[in-house]
Structure formats: structure tokens, C-alpha cells
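Asker: what follows is a predicted structure for the sequence shown.
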Amino acid sequence: ELTLSIADALALADRIRQLKETLPGLRADSVGAQRMPGDVGERVALVAARDIQDREVIMTIPEQLAVTSLDACQHPAVGPLAAQLGELAALALWLLAERAAGADSQHAGLLATLPSATLSPLLWSEAELSALLAGSPVLAEARTRREALRQQWGELAALMREQPERFPPDVFNEAAFYRAFSVVLGHACFLPAAGCFALLPLASLLGRTGNGNGCDLDFDAEVGAVRLTASRPYRSGSELLLNDGRPNGELLLSTGALQDNNTSEFLAWPAQLLQADRYFTLKRQILESMGFGAQESFPVYADRMPVQLLAFLRLSRVADPALLAKVTFEKDVELSQMNEYEVLQLLMGDCRERLASYGSSYEEDVKTAQQAELGAKERLAVRLRLGEKRILNATMDAVRRRLAPIRGIPTKSGAMQDPNSDLKEMFDALESLPSAPLRLLQGLASWARGEQDPDWGKKQGQGQGRGKR
């Protein structure tokens with residue numbers, strides 16, 4: 001149902017063109033709709049209808065065409081209930097009510113371009129989650145979010161049962177709410193200047209990219225409209241994508257899609273002090289003075305990692321208190337060769353343990369991804385696993401290069417390397433993050449790009465670690 005045939009895709013492209021031509025005030029002459037082959041079935045992409053210059057405004061959407069939680073709270077059917085909810089859940093109720101209105105909805109054109117649901121793992125069965133996401137950190141996150149969604153529905157259902165005439169079960173039921181929520185989660189755009197999510201004609205259909213080479217979307221108060229601006233030049237016919245710096249696991253959970261070669265892809269790497277360490281209290285005080293806790297999580301990319309991860313692990317494993325004075329979270333400074341060896345072995349062991357938890361090798365997943373008959377969920381899952389395994393394999397390779405001179409093992413060239421200068425790949429990109437690690441990256445792990453929805457609880461800070469290759 002969620003995959004398109006050629007006829008489906010052509011019909012959707014026609015509906016998008018009709019929406020573009022009929023909405024008053026919408027300026028999108030530079031945007032076209034084009035059928036393209038998808039991973040499974042067909043898809044429709046928004047493309048440049050002509051050559052576009054860097055920083056050119058591609059699309060302007062008047063604010064009256066944007067649907068926000070304010071519209072949900074003012075809706076005659078679901079308004080009072082929506083007012084008690086967070087933005088995304090309120091928009092999901094609005095979507096259910098407007099779809100029930102059918103052709104009588106004043107937003108019928110917009111609704112006709114949105115899918116009935118997405119391929120988000122939030123809608124997968126437990127058997128599918130267990131089989132397809134085994135070993136991936138997305139598995140635990142999907143279960144946590146599904147449970148939060150169930151609790152949200154449980155609260156809503158209790159209130160709806162008190163007014164069955166307003167909330168008929170054939171429209172407002174658990175399955176329908178989950179599907180509507182997945183659509184809102186995947187297609188509502190966060191507008192930083194307005195501080196809210198919005199369902200937008202055309203713009204809500206844009207694909208996402210974490211590579212920073214797409215388009216920027218925000219509300220412009222001076223003109224009273226949402227504007228889509230190119231962040232680079234586009235040739236006519238090129239697909240228009242929305243900049244969205246989230247890793248693939250978050251993109252999959254939120255949008256039901258992911259991006260190959262996503263430069264924002266990372267794995268969260270846990271690190272903690274040992275409770276049995278005789279210097280535990282002293283080490284914790286050192287960490288707290290630098291804005292860290294005794295237990296942290298750091299982002300590790302395929303080509304870079306924060307220098308704080310190595311510094312944290314070195315501190316956690318150092319046995320000589322005299323070396324504590326050498327600890328720094330600003331530079332890549334070894335405390336001792338023995339300490340460095342222990343830290344690198346720890347990283348290597350963590351990589352091996354993670355890879356073993358998947359139950360399939362990288363090579364096996366490559367073969368799986370090449371199967372033409374693979375289903376949509378299976379293909380998404382194997383692409384996710386491959387991306388995660390690339391990070392683990394790249395980390396292991398970097399650690400091996402660093403371990404070689406410490407162990408006294410010659411490199412491929414036959415020469416011994418200086419342990420302080422051997423990392424010419426991943427560890428050359430060690431980067432300093434200004435404060436406590438993954439807490440600054442929580443914006444990448446939110447329900448949608450930008451601020452988190454109150455339904456799931458907001459976390460402090462956002463941002464992403466960007467390093468050089």
C-alpha cells in the first residue's frame with residue numbers, strides 16, 4: 001500500500017502540479033514534480049524546473065496556507081482535545097478529522113498529496129523490528145517511542161470514549177492515529193523562526209539530506225510567508241532536497257526513509273567511569289569541572305570522532321594519579337603507552353561486540369541489499385545496518401593503525417610508525433566539541449528536525465559534530 005506503481009506515481013505528480021497551480025499566493029514556478037524509480041516501486045520527487053542560483057528563493061508559501069497546531073486547536077471537531085496535546089499529536093488529530101471530511105475539506109488538495117502512512121519502524125510489528133533491526137541501536141529507540149505513542153493513544157482514547165458522537169471509532173481509532181502520526185512526523189516541517197511545526201503544500205513533500213547541500217526552509221516574518229531557499233546552485237531537473245542534519249536511524253524513525261552516504265550519520269558511543277576505581281571520586285570531579293558526567297555518550301562518525309571520547313576513556317582507565325595532570329579534553333594527548341593500549345583495546349572490543357550483535361556480516365548484508373525482490377522494510381533495514389557497520393569497520397581500521405606501533409607490529413610499508421602521528425585517516429579528524437558531548441547532538445535525535453515535540457519530552461541543546469576529513 002505504501003509503495004507506488006508507475007500509474008500511482010504519475011497520478012500523484014499530476015495532483016502535485018494541480019495543487020501548485022490552484023493555491024492562492026503560492027509561488028513555486030521554479031519547482032516541478034517528476035516520477036522517479038524508488039528503492040521499491042516508484043516515487044515522486046520535487047525537482048528544479050529551471051536552473052537555480054545559490055541562495056535563490058525557490059518557493060514562497062503564504063502563512064495562511066501553512067497548517068500548524070494552532071489550526072488543530074481551532075478545529076471545530078478536534079480543537080478542545082488537540083489543545084491538550086503537543087504539536088505533532090494535535091496535527092495528527094487534525095489530519096484524521098480533515099481526511100474524514102473528504103472533498104469537503106478546504107485542505108483536500110494538500111491531503112491528496114500526502115501518503116496514508118510512512119514506512120517508519122514505529123508502525124512495524126514486533127516481529128519485524130526484532131528480525132530486521134537486530135543489533136542496531138534503532139531497535140531499542142523504536143520500542144521506546146512505540147510505547148510512548150501507545151501511552152499517548154491510551155490517554156486520547158479515554159477522552160474520546162466520553163464523546164463518541166464527536167469521535168466516531170471508525171475515524172478515530174488506534175491504528176488510524178498511528179498512521180496519521182507517522183505522516184505528520186515524516187512530513188511536518190519545523191520552522192525555526194516561528195518555533196513551530198507546519199504541514200506545508202509542496203514543501204512537506206521534499207526529501208531530506210544530511211549532507212548540507214540541499215535547501216533551507218523557514219518562516220520570514222517580513223513577508224508573512226515560508227520560504228524555501230537554495231543553499232547551492234541547481235541544474236534544471238535536479239532533485240530538490242531539504243537540509244536535515246539527522247543520522248539515518250533518526251531519519252528512518254521519523255520519516256520512514258534514509259539517505260545513503262549521509263555525512264550526518266553517526267553512532268552514539270557510551271563511556272563511563274568504573275565504579276570500583278579507587279580514584280572514581282577524583283575523576284568524577286575532574287569531569288564535572290569540564291562539564292561532563294561520570295557517564296556520557298559521544299558521536300562517532302565513519303571518518304571522525306570527538307577528541308573528548310578518547311580523553312574520557314583515557315581518564316577512565318588511568319591507574320597512576322600522577323598522570324591525571326596530563327588529562328586534557330582539548331587535544332589528542334596520550335597519558336602513557338600502557339593507558340593508550342588499554343583504551344584502544346577497549347574500543348576494538350566494543351566494535352567487535354557491536355558487529356557480532358547484528359547476526360549477519362557486512363558482506364552478507366551487501367548481498368541482501370542486491371536482491372531485487374527485497375521488500376520495502378527489508379531494504380530500508382539492510383541499508384541502515386550497512387551504514388552502521390561502515391562506521392564500526394572504519395573505527396576498527398583506525399584503531400588497528402594506532403595499535404600497530406604500540407604492539408611493535410610493522411605497517412604494510414614495513415616501517416614502524418610514531419604512535420603520536422600514525423592516524424592519518426579517521427583520527428586526524430578528531431574534533432573538539434565545546435561542551436558535554438552527545439547532549440549537544442540531541443537535536444539530531446528528535447522526533448522531527450528542530451525542536452522536539454512536547455509529547456516526548458525536550459532535551460537540552462542541539463547541534464552536530466562536524467569535522468574535517
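Answerer: Ah, there it is. Numbering: from 1, shown residues only.

Asker: check contacts around Asp29.
Answerer: Counting by C-beta atoms under 8 Å, 6 or more residues apart in numbering, Asp29 makes contact with Ala49. C-beta coordinates here come from the backbone N, C-alpha and C atoms, glycine included.

Asker: typo on my end, it should be Ala221
Answerer: Neighbours of Ala221 in contact, by C-beta under 8 Å, 6+ apart: Ala193.

Asker: before we move on, what about Glu239?
Answerer: Gln34, Met36, Ala45, Leu46, Val47, Gly207.

Asker: with Trp153 as the reference, measure out to Arg100.
Answerer: One thing to correct before we go on: residue 100 is Ala, not Arg. As judged by C-beta to C-beta, to the nearest Å, Ala100 and Trp153 stand 17 Å apart.

Asker: those two: who's more crowded?
Answerer: Set side by side, Ala100 and Trp153 show more neighbours around Trp153, with 20 against 15, by other C-beta atoms under 10 Å.

Asker: list the contacts of that one.
Answerer: Glu174, Phe177, Tyr178 are the contacts of Trp153 under C-beta under 8 Å, 6+ apart.

Asker: hmm, try it at 10 Å
Answerer: Ala89, Ala92, Met160, Phe172, Asn173, Glu174, Ala175, Phe177, Tyr178, Phe181 (C-beta atoms under 10 Å, 6 or more residues apart in numbering).

Asker: buried ones among those residues?
Answerer: Ala89, Ala92, Met160, Phe172, Phe177, Tyr178, Phe181 (16 or more other C-beta atoms under 10 Å).

Asker: in helices, which of those appear?
Answerer: Ala89, Ala92, Met160, Phe177, Tyr178, Phe181 (DSSP state H).

Asker: show the pLDDT at the fifth one.
Answerer: Tyr178 is assigned a pLDDT of 98 by the prediction.

Asker: with Gly450 instead?
Answerer: 39.

Asker: repeat for Ala404
Answerer: 89.

Asker: which stretches of the stretch 1-150 of the chain form helices?
Answerer: 6-22, 69-73, 79-82, 87-101, 108-111, 126-132, 137-160 (DSSP state H, counting those that start in this stretch).

Asker: equivalent analysis for the stretch 301-450 of the chain, please.
Answerer: 307-317, 337-357, 362-369, 376-407.

Asker: most tightly packed of the helices of the stretch 1-150 of the chain?
Answerer: Highest mean neighbour count among the helices of the stretch 1-150 of the chain (mean count of other C-beta atoms under 10 Å): helix 87-101, with a mean of 24.

Asker: what pLDDT, on average, does that one get?
Answerer: pLDDT averaged over helix 87-101 gives 98.

Asker: so what secondary structure elements neighbour it?
Answerer: If you count contacts as 3 or more C-beta pairs under 10 Å, 6 or more residues apart in numbering; DSSP states H and E, helix 87-101 packs onto helix 69-73, helix 79-82, helix 108-111, helix 137-160, helix 174-187, strand 196-198.

Asker: wait, which of those is closest to Val307?
Answerer: Set against Val307 and scored by C-beta to C-beta, the helices and strands packed on helix 87-101 come closest in helix 137-160, at 22.5 Å.

Asker: now the closest one - C-alpha only, PDB.
Answerer: Only the C-alpha atoms of helix 137-160 are listed here, as PDB (Å, rounded to 0.1, in the frame of the first residue of the first chain):
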ATOM      1  CA  PRO A 137      20.600   0.900  18.300                       C
ATOM      2  CA  VAL A 138      17.400   1.900  16.400                       C
ATOM      3  CA  LEU A 139      15.700  -1.200  17.700                       C
ATOM      4  CA  ALA A 140      15.600   0.000  21.400                       C
ATOM      5  CA  GLU A 141      14.700   3.500  20.300                       C
ATOM      6  CA  ALA A 142      11.800   2.300  18.100                       C
ATOM      7  CA  ARG A 143      10.400   0.200  21.000                       C
ATOM      8  CA  THR A 144      10.700   3.200  23.400                       C
ATOM      9  CA  ARG A 145       8.900   5.500  21.000                       C
ATOM     10  CA  ARG A 146       6.200   3.000  20.200                       C
ATOM     11  CA  GLU A 147       5.500   2.600  23.900                       C
ATOM     12  CA  ALA A 148       5.300   6.400  24.200                       C
ATOM     13  CA  LEU A 149       2.900   6.500  21.300                       C
ATOM     14  CA  ARG A 150       0.700   3.800  22.800                       C
ATOM     15  CA  GLN A 151       0.500   5.700  26.100                       C
ATOM     16  CA  GLN A 152      -0.400   8.800  24.200                       C
ATOM     17  CA  TRP A 153      -3.200   7.000  22.400                       C
ATOM     18  CA  GLY A 154      -4.400   5.400  25.700                       C
ATOM     19  CA  GLU A 155      -4.900   8.900  27.100                       C
ATOM     20  CA  LEU A 156      -6.700  10.100  24.000                       C
ATOM     21  CA  ALA A 157      -8.900   7.000  23.700                       C
ATOM     22  CA  ALA A 158     -10.200   7.500  27.300                       C
ATOM     23  CA  LEU A 159     -11.200  11.100  26.500                       C
ATOM     24  CA  MET A 160     -12.700  10.200  23.100                       C
END
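
Asker: what ranges do the strands span in the stretch 151-300 of the chain?
Answerer: 189-191, 196-198, 207-209, 215-220, 225-230, 241-243, 267-272, 295-300 (DSSP state E, counting those that start in this stretch).

Asker: make TSV out of those and add mean neighbour count and distance to Lys367.
Answerer: As requested, these are exported to TSV (neighbours: other C-beta atoms under 10 Å; distance: least, C-beta to C-beta, whole Å):
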stretch	mean neighbour count	distance to Lys367
strand 189-191	22	37
strand 196-198	24	40
strand 207-209	20	27
strand 215-220	19	36
strand 225-230	21	39
strand 241-243	19	29
strand 267-272	18	23
strand 295-300	20	26
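
Asker: okay, now the residue lying closest to Ala28 once chain neighbours are set aside: neighbour count?
Answerer: Spatial nearest neighbour of Ala28, chain neighbours left out: Met59 (4.5 Å); criterion: C-beta to C-beta, 6 or more residues apart in numbering. Using other C-beta under 10 Å, Met59 has 26 other residues around it.

Asker: just checking, Met59 touches Leu205?
Answerer: No - applying C-beta atoms under 10 Å as the test, Met59 and Leu205 come out as separate, 11.2 Å apart.

Asker: so what sits against both of the two?
Answerer: Val31, Leu46, Leu240.

Asker: quick one: contacts for the closest residue to Gly79 other than its chain neighbours?
Answerer: Excluding its sequence neighbours, the residue lying closest to Gly79 (C-beta to C-beta, 6+ apart) is Cys73, at 5.3 Å. Residues in contact with Cys73 (C-beta under 10 Å, 6+ apart) are Gly79, Pro80, Leu81, Ala82, Ala83, Gln84, Leu85, Glu87, Ala90, Leu93, Trp94.
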